[in-house]
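# Provided below for reference: sequence and predicted model.
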Amino acid sequence: MVGLLLMAFISFLFAGLGIPLMLRKVPRNILYGVRTRDTLETPQCWYEANAYAGKLLICYGVVTLLGALILYFIAGDNKQLFAPLLLGLYLFSFMVVTVMVYRYLYLFKKKRLGSDDEPNKRL
């Protein structure tokens, strides 16, 4: 039961950390948010990427909370089964979020560069 409460706390923590990002309330900084060369260069990129990441963090918190509840009811108090499954859920979900954010940044940068190159194509 303690493991389930800890996982619920972690899930709520990630969802809570996603809310200010989604609402675009976090200015560029070196501690909190998606920090890449592109996001630290322009405010537009920072806020777009972090708003998207914030939505994903909220989804991550909800999915991991539901997953922890389901796994708890499947595994019960069997820590040898519950702990590895839960760890796998958290790690896999976080990798999916990370890949989705970097894909979003790639597409955002590609779109931004594509719009800058159009006047040159007409020449």
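In hand now; what should we look at?
# Counting neighbours, what do you get for the residue lying closest to K79 once chain neighbours are set aside?
Nearest residue to K79, sequence neighbours excluded (CB to CB, 6 or more residues apart in numbering): G3, at 6.8 Å. Yep, even glycine has a C-beta here, placed from its N, CA and C like the rest. Neighbourhood size, G3 [other CB atoms under 10 Å]: 16.
# Go ahead and confirm G3 touches L86.
Yes: under the contact definition of CB atoms under 8 Å, G3 touches L86, with a separation of 7.4 Å.
# OK, contacts around E48?
Applying CB atoms under 8 Å, 6 or more residues apart in numbering to E48 gives the contacts F108.
# tell me which element it is part of?
E48 is part of helix 43-75 when elements are defined by DSSP states H and E.
# next SSE after that helix?
Tracing the chain C-terminally past helix 43-75 and defining elements by DSSP H and E, one meets helix 79-122 next.
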